[in-house]
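J.: coords please:
(one chain, ligands or ions: 1)
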Amino acid sequence: MAVSSDLRTSEARDADRDGPLLELEGVSKYFGQGSGLFGGLQFDPDTFPPISVDRERVKAVDDVSLEIQPGETLGLVGESGCGKSTLGRTILRLLEPTDGDIYFRGENLADLSGEKLRQKRSEIQMIFQDPQSSLDPRMKVGQIIEEPMRAHGMGDDEGREARAKELLEKVGLDPRHYNRYPHAFSGGQRQRINLARALSVDPDFVVCDEPVSALDVSIQAQVLNTMERLQDEFGLTYLFIAHDLSVIRHISDRVAVMYLGHIVEVAEKEELFENPQHPYTKALLESIPVPDPRESGARGVLEGEVPSPQNPPSGCRFRTRCPQLIAPEAYELTEEEWAHTRAFMRAVKRRTFEPIAAAEMRREFFDDDLPRGDAGEIVRDAIDAIATDTERGGESADERDGWAEATDHLLEPFAEQSICARERPAYDLEPAYGSGEHFAACHRHR
Ligand SMILES: Nc1ncnc2c1ncn2[C@@H]1O[C@H](COP(=O)(O)OP(=O)(O)OP(=O)(O)O)[C@@H](O)[C@H]1O
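T.: Next up, the predicted model:
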């Protein structure tokens, strides 16, 4: 393939545009416990067949569907470990999806192999968080930028050098740095070298995995501005992965929020930040540190632990921590009764209080007013199981593990019977800002 130092402009790319650039349909990526070639396979000579698939797999990405339009930046945000990097790597086919389809310009990447796949790979590039470790210290900057062009058989020595120098300038570096080694550069400059390298093969789509997280805050904005300028100039499309909401707010056109392998909300940036509709998104936004020095720390920090991705909750993944878990329909609970019951159930499950007498528990958690009917009976049994003044068979609550008994009493009828546990939520909403789509995976919108 011939290569000129002329970089394709966004106008040239416009001609190619029709429909989404990238479509994910039900994409999942599970890891076996011992990952690697035979990850997920278990050998047991006493069974037939002796090899079985390990069901206890880490569901890092689970049934994700998304579209990314040409020229846009889709921000992907979520706490550490929710599956963002795995999704990015699966799109690039650095990881094989366990399930689902990935279409690039309407073409299913799974159907491609050999030369066609190699070619597609040049159209999709990735930049990583740590510019230090992703740049080979023994290679000069020019070689680093030219390496992907060489791998894709683009141009001759002269053409590649001209293009590398042009790219250095485009990313805000001096073309005279072509013969320097990466150690001579700062973190921000090294990330610019990475950008030039990714752009050398003229991609349409760049997965940016936490590209500014390792940089000083003062440098972050400069690199983000350069990325935006390059996007405009070359008509690039970005999937921008970050856990930092201020970075996501700076760069994104639309934002997808991920929790425990699921996408829980997608909306245009303004809509997502001004009108969040998923309780997890709200909690994330509320946990942004408050700039006012008179207020201390972060507000509304999420309670409870993220469940294991090996055994994620049914229905809505966020339900075990959700402050708005919906009451099960079997009981006619008032809002207040349900709020008390939910708080009590969580406190018992997490064992957040010292055992106390039954009357004290009723006062503390229910204002002395237990829910009526069957729900009240269930609560009463749970209180009895842990109260210090109810003895059963001569054993205290601790001795007969009253906590576990009370947890079982409460979770099955209340948490597990909620619609949040029984059905996976997926709702399209009317946006309050802009005209784009707003998806929220929360049964509050049913
Ligand atoms: N190669 C692997 N083998 C087994 N489990 C893995 C592997 N890679 C990731 N995981 C698990 O998959 C889940 C998602 O990880 P992933 O790195 O995609 O999350 P993330 O949101 O990108 O987090 P971070 O921001 O910390 O990188 C985690 O539970 C992680 O431990």
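J.: Strands of this structure, residue ranges please.
T.: 22-31, 41-43, 51-53, 58-68, 73-77, 99-104, 107-108, 124-127, 205-209, 237-242, 254-259, 262-268, 427-429, 438-440 (DSSP state E).
J.: The fifth one - contacts with which helices or strands?
T.: This means strand 73-77. In terms of contacts (3 or more CB pairs under 8 Å, 6 or more residues apart in numbering; DSSP states H and E), strand 73-77 is packed against helix 84-91, strand 237-242, helix 245-251, strand 254-259. Just so you know, the C-beta spots here come from the backbone N, C-alpha and C atoms, and that holds for glycine as well.
J.: What pairs with that strand, parallel or antiparallel?
T.: Sheet pairing for strand 73-77, assigned by DSSP bridges, gives strand 237-242 (parallel), strand 254-259 (parallel).
J.: can you count the residues close to Arg319?
T.: Neighbour count of Arg319, defined by other CB atoms under 10 Å: 23.
J.: Make sure Gln69 is actually in contact with Thr237.
T.: Yes: using CB atoms under 8 Å, Gln69 is in contact with Thr237, at 7.4 Å.
J.: that older thread, turn the helices and strands packed on strand 73-77 into a markdown table, including distance to Gln417 and mean pLDDT.
T.: Listed next are those as a markdown table, based on distance: least, CB to CB, whole Å; pLDDT from 0 to 100:
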| stretch | distance to Gln417 | mean pLDDT |
| --- | --- | --- |
| helix 84-91 | 32 | 96 |
| strand 237-242 | 36 | 98 |
| helix 245-251 | 34 | 96 |
| strand 254-259 | 22 | 98 |
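J.: Which of these sits closest to Ala184?
T.: Between Ala184 and the helices and strands packed on strand 73-77, the shortest gap by CB to CB is with helix 245-251, which sits at 26.6 Å.
J.: and the closest one, C-alpha only, in PDB?
T.: Extracted C-alpha coordinates of helix 245-251, given in PDB (Å, rounded to 0.1, in the frame of the first residue of the first chain):
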ATOM      1  CA  LEU A 245     -16.100  12.100  35.600                       C
ATOM      2  CA  SER A 246     -14.500  15.400  35.000                       C
ATOM      3  CA  VAL A 247     -12.400  13.900  32.200                       C
ATOM      4  CA  ILE A 248     -15.500  12.300  30.700                       C
ATOM      5  CA  ARG A 249     -17.400  15.500  30.900                       C
ATOM      6  CA  HIS A 250     -14.600  17.400  29.100                       C
ATOM      7  CA  ILE A 251     -14.300  15.000  26.100                       C
END
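J.: elements contacting that helix?
T.: Judged by 3+ CB pairs under 8 Å, 6+ apart, the packing partners of helix 245-251 are strand 73-77, helix 217-234, strand 237-242.
J.: The ligand: which of those is closest?
T.: Of all the helices and strands packed on helix 245-251, strand 237-242 sits nearest to the ligand, with 6.8 Å by CB to the nearest ligand atom.
J.: now check that closest one, is it near the ligand?
T.: No: if you take CB under 6 Å from any ligand atom as the test, strand 237-242 misses the ligand, and the best it gets is 6.8 Å.
J.: these two touch, right, Phe185 and Ile193?
T.: Yes: using CB under 8 Å, Phe185 is in contact with Ile193, at 6.7 Å.
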